[in-house]
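>>> predicted model follows, preceded by the sequence.
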Amino acid sequence: MTGLSHDLLVAAPKVLLHDHLDGGLRPQTIVELAAEVGHALPAGNAADLADWFAEAADSGSLERYLETFAHTLAVMQTPEAITRVARECVEDLAADGVVYAEIRYAPELHVSTGLALEEVVAAVQRGFSEGMEAAGGRIVVRQLLTAMRQAANSREIAELAIAWRDRGVAGFDIAGPEAGFPPTRFLDAFEYLQRENFHFTIHAGEGFGLPSIWEAVQWCGADRLGHGVRIVDDITVDDAGVAHLGRLASYVRDKRIPLEMCPSSNVQTGAAHSIAEHPIKQLADLRFRVTVNTDNRLMSRTSLTKEFGLLAGAFGYGWREIEWFTVNAMKSAFLPYDERYRLIVDTIKPWYADQAARA
Ligand SMILES: O=c1[nH]cnc2c1ncn2[C@@H]1O[C@H](CO)[C@@H](O)[C@H]1O
Ligand SMILES: [Zn+2]
């Protein structure tokens with residue numbers, strides 16, 4: 001990882017497609033908001049709370065990992081709290097050198113004190129707008145609305161996303177426990193979104209394998225795959241070290257379907273054994289359209305800079321690879337083509353070209 005100092009990695013323009021708003025709160029903010037609403041936390045101060053989240057999420061199971069969200073969601077039930085969390089999210093990403101981000105969350109998980117779904121989306125958008133303004137144009141942030149797999153309201157959330165499509169919402173997603181909740185359960189919502197010419201990603205191939213990815217792509221028409229790590233189950237490597245792709249893996253690669261990979265999160269939920277053994281290396285070598293993401297910065301105690309640092313350490317990645325992941329992500333964003341193009345040409349490419357020139 002020659003030339004990759006921490007400061008330069010932070011400064012490098014980066015693109016984040018998979019990050020949960022309710023998985024990225026500052027520990028100190030949770031402490032303060034919990035005191036306001038009288039929510040009992042598992043730890044009393046910010047440092048201990050940060051440890052608790054990272055350890056509790058380190059369970060080896062997606063279901064247990066998801067239980068930790070009860071404590072972030074508990075403090076995100078008023079417009080003021082939601083706006084604050086959204087604004088701080090943009091501030092933290094901008095400070096980490098992220099120039100474009102799509103942040104997802106499930107509006108239905110923020111209505112326990114009576115907010116309307118619309119009010120939740122508006123509160124998030126207010127925070128994002130304030131954060132972008134404070135960053136003076138250094139970062140562009142869009143919302144992705146998530147419907148929860150355990151619930152039965154995906155169509156309503158899809159309609160909410162369409163209602164907000166010109167006011168900051170760029171796409172739709174489903175999340176939550178994967179086993180037992182296949183993507184086709186939500187076919188109605190996905191077909192509706194396709195008829196509306198809208199974009200969506202689906203968490204698939206994380207807590208469950210190939211059938212989930214197959215349904216997401218071939219039944220539901222997912223533009224991107226959240227994680228998608230288990231696509232490696234459809235790849236075999238022969239004795240000579242040559243990889244052979246099955247039909248689904250071939251399709252995903254041929255169609256350039258973006259994989260939103262989240263290395264640290266996968267190690268925590270057991271979707272990968274370690275960073276060093278993470279399938280991202282094999283998939284990137286095979287030229288799948290791989291992107292690097294954080295998933296939940298609080299639970300994984302990470303940042304996009306840290307994820308790149310971990311990959312650089314494990315696989316010897318340098319600026320060339322980081323630029324490739326970054327351009328992959330920008331190409332895969334749910335932003336209009338001309339805006340994606342401008343970010344690539346005006347912001348991303350010049351910075352990495354400059355780095356190469358200095359090397
Ligand atoms: O990696 C993941 N896989 C599946 N679901 C997730 C993951 N991370 C977070 N959430 C779920 O998405 C909701 C909305 O942001 C979170 O509340 C959490 O339950
Ligand atoms: Zn996720």
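In hand now; what should we look at? Residues are numbered from 1 along each chain as shown. Ligands and ions are numbered 1, 2, ... in the order given.
>>> all helices of the stretch 1-150 of the chain, in order?
Using DSSP state H, counting those that start in this stretch, the helices assigned to the stretch 1-150 of the chain run over residues 6-11, 27-37, 46-57, 62-67, 70-73, 79-95, 117-134.
>>> which residues touch the spatially closest residue to Leu286 that is not a sequence neighbour?
Once flanking residues are discounted, Leu286 sits nearest to Ala243: 5.9 Å by Cβ to Cβ, 6 or more residues apart in numbering. From N, CA and C alone the C-beta is placed, and that goes for glycine too. Listed by Cβ atoms under 8 Å, 6 or more residues apart in numbering, the contact set of Ala243 reads Ile235, Thr236, Val237, Gln282, Leu286.
>>> quick check: residues of the protein near ligand 1?
With Cβ under 6 Å from any ligand atom as the criterion, the chain comes near ligand 1 at residues 20, 22-23, 62, 66, 69, 104-106, 109, 146, 175-176, 203, 206, 265, 295-296.
>>> switch to 5 Å and redo it
Within reach of ligand 1 by Cβ under 5 Å from any ligand atom, the chain has these residues: His20, Asp22, Leu66, Phe69, Tyr105, Ala106, Thr146, Ala175, His203.
>>> quick one: pLDDT of the third one?
Per-residue confidence for Leu66 comes out at a pLDDT of 93.
>>> just to revisit the earlier point, can I get the helices of the stretch 1-150 of the chain in TSV including mean neighbour count?
Converted to TSV, the helices of the stretch 1-150 of the chain look like this (neighbours: other Cβ atoms under 10 Å):
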stretch	mean neighbour count
helix 6-11	14
helix 27-37	17
helix 46-57	17
helix 62-67	18
helix 70-73	19
helix 79-95	21
helix 117-134	19
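>>> which one of these has the poorest average confidence?
Looking at those, the weakest mean confidence is helix 62-67, a mean of 90.
>>> show me the shaky parts of the protein.
Across the chain, the ranges flagged by pLDDT under 70 are 1-3.
>>> which parts of it are strands?
Ranges of strands within the chain are 14-20, 98-105, 140-148, 169-175, 201-204, 224-227, 235-237, 243-245, 259-261, 290-292, based on DSSP state E.
>>> so Phe128 touches Arg87, yeah?
Yes - with contact defined as Cβ atoms under 8 Å, Phe128 reaches Arg87; the gap is 7.4 Å.
>>> Leu8 and Gln355 touch, don't they?
Yes - contact status for Leu8 versus Gln355: in contact at 7.4 Å, counting by Cβ under 8 Å.
>>> can you pull the contacts of the closest residue to ligand 1 within the stretch 151-300 of the chain?
Closest residue of the stretch 151-300 of the chain to ligand 1, Cβ to the nearest ligand atom: Ala175 (3.5 Å). Going by Cβ under 8 Å, 6+ apart, Ala175 touches His20, Arg104, Ala106, Thr146, Ala147, Met148, Arg149, His203, Gly226.
>>> which residue packs closest to the first one, ignoring adjacent ones?
Closest residue to His20 apart from its sequence neighbours, by Cβ to Cβ, 6+ apart: Asn296 at 5.3 Å.
>>> which residues touch Val85?
Here Val85 is in contact with Leu21, Asp22, Leu25, Thr29, Met76, Gly127 (Cβ under 8 Å, 6+ apart).
>>> closest to ligand 1 out of the residues you listed?
Asp22 (4.8 Å).
>>> which ones are touching the closest one?
So Asp22 contacts Phe69, Thr72, Leu73, Met76, Val85, Tyr105, Ala106, Leu109 (Cβ under 8 Å, 6+ apart).
>>> how does it look with 7 Å?
By Cβ atoms under 7 Å, 6 or more residues apart in numbering, the contact set of Asp22 is Phe69, Thr72, Leu73, Met76, Tyr105, Leu109.
>>> thanks a lot, catch you later.
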